[in-house]
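1. build me a structure from this.
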Amino acid sequence: MTETAQEPPVPQAPTESPRELKFKDSWRDWAIRALIFVVFLFFAAGKFKTAADAPWVVLFDRIGMGQWFRYFTGALEMVGAFLVLFSRTVEIGLALLAAVMLGAMIIVVLILHRPADAMFAFAFFCAFIAFWLHRRRV
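-> From the prediction side, this is the model:
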């Protein structure tokens, strides 16, 4: 019997990753960005109502910083919503909206003394951070 030394097969370098992660600018990415845009455009538009009994007018009266702060917050939300729509400015828009939500949490807890109501702002804040980190990972 003759034994022939067989060489072990050489593993080939993979040409593609087993699962390509293509999230940026996919339809899922655009759907989430469009949802963020619609929600914050809706919230921002509500802040520009001038009726004395409008909910945002009453809330910002309770905060005590004046109605200019309501307009400023609405403008920041609109700018952030529009920045989320463009691929190059998504991160800037998410950071701006996350800062607005962080400010909302602080105001609701420290000035209005309603920590349970801060959960809505906290949920948006966490969602923005998660979406931003997911976009950076992929």
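
2. buried sites along the helix or strand harbouring Gly93?
-> Element membership of Gly93 [criterion: DSSP states H and E] is helix 90-110. The neighbour-count criterion (16 or more other Cβ atoms under 10 Å) identifies 90, 93-94, 96-98, 100-101, 104-105, 107-109 as the buried residues of helix 90-110. C-beta coordinates here come from the backbone N, C-alpha and C atoms, glycine included.

3. and the lowest-mean-pLDDT helix or strand in the chain, what does it pack against?
-> Every helix and strand of the chain was ranked by mean pLDDT, DSSP states H and E. The lowest is helix 118-137, at a mean of 84. In this structure, helix 118-137 packs against helix 27-46, helix 90-110, with contacts taken as 3 or more Cβ pairs under 8 Å, 6 or more residues apart in numbering; DSSP states H and E.

4. distance from the first one to the middle of the chain?
-> Centroid separation between helix 27-46 and its chain, computed with Cα atoms, centre = their mean, to the nearest Å, is 9 Å.

5. and it with helix 90-110, angle?
-> Angle between the axes of helix 27-46 and helix 90-110 is 50 degrees (criterion: axes from the mean of the first three to the mean of the last three Cα atoms, to 10 degrees).

6. helix or strand right after helix 27-46?
-> Remark: after helix 27-46, the chain's next helix or strand is helix 55-63, criterion DSSP H and E.

7. return the strand or helix carrying Phe82 as CSV; C-alpha atoms alone will do.
-> Assigning secondary structure by DSSP H and E places Phe82 in helix 67-85. Extracted C-alpha coordinates of helix 67-85, given in CSV (Å, rounded to 0.1, in the frame of the first residue of the first chain):
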residue,chain,number,x,y,z
GLN,A,67,-44.6,81.9,24.6
TRP,A,68,-41.3,82.6,22.7
PHE,A,69,-40.1,79.2,24.0
ARG,A,70,-43.0,77.4,22.5
TYR,A,71,-42.2,78.9,19.1
PHE,A,72,-38.5,78.1,19.6
THR,A,73,-39.3,74.5,20.4
GLY,A,74,-41.6,74.2,17.5
ALA,A,75,-39.0,75.6,15.1
LEU,A,76,-36.3,73.2,16.5
GLU,A,77,-38.7,70.3,16.0
MET,A,78,-39.5,71.4,12.4
VAL,A,79,-35.8,71.8,11.5
GLY,A,80,-35.0,68.4,13.1
ALA,A,81,-37.8,66.7,11.2
PHE,A,82,-36.6,68.1,7.9
LEU,A,83,-33.0,67.2,8.6
VAL,A,84,-34.0,63.6,9.2
LEU,A,85,-35.3,63.4,5.7
